[in-house]
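>>> okay, predicted coordinates and the sequence, questions at the end:
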Amino acid sequence: MDSVSNVTEFPGTEQKEGLAVTDEQSEAGTGDFDAGDQAETNKQKVIDISEKLRKIPDKTIVDACQARLEIDQKRKVLNDEAADIRDELKDLGIKGPAFNAAYSRYKQDEHERAMYDQQFAKCANAMGVEFQEDLFNK
């Protein structure tokens with residue numbers, strides 16, 4: 001290595017005027033990189049972001065936080081209600097995955113349901129679980 005001690009050479013790179021340059025860079029051009037320009041660009045990006053952040057009122061962030069808390073609470077209530085429904089069905093002997101599969105099918109329109117049935121039958125039969133498609137065709 002040259003006198004530049006903070007440059008690590010990796011396979012496929014050569015040392016050129018104190019800079020590590022890949023073979024592709026050597027072929028395409030000098031590969032010289034002005035670290036000062038990059039540092040200045042990064043510094044400007046930080047300044048731009050800082051200026052942008054200063055313009056955001058704290059109230060906007062506090063309001064967003066409060067809205068998220070309310071949504072999270074509503075979601076928790078809904079998740080608890082869904083869990084109660086699953087528990088009731090489980091107590092009656094209906095497993096969650098069976099209900100979820102039927103419910104998912106119920107929400108599909110006729111075309112989606114037909115496509116799903118064909119895809120499911122193909123997969124099930126390929127896996128050897130012998131799906132009888134006529135069970136769902138009435």
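Cool, got the structure.
>>> just the helices in this protein please.
Secondary structure of the chain, counting by DSSP state H: helices at 23-28, 35-54, 58-91, 96-107, 110-126.
>>> quickly list the domain ranges of the chain.
As assigned by automatic domain parsing, the chain contains the domains 13-54, 108-138.
>>> and for Arg113, the neighbour number?
Here the count is done by other C-beta atoms under 10 Å, and Arg113 has 15 residues near it. C-beta coordinates here come from the backbone N, C-alpha and C atoms, glycine included.
>>> quick one: it and Ala102 touch, right?
No: assessed by C-beta atoms under 8 Å, Arg113 is found out of contact with Ala102, at 11.4 Å.
>>> any low-confidence regions in this structure?
Counting by pLDDT under 70, the ranges of the chain that qualify are 1-35, 133-138.
>>> let's see that with 50 instead.
The chain contains residues with pLDDT under 50 at 1-8, 10, 13, 15-18, 21, 24-25.
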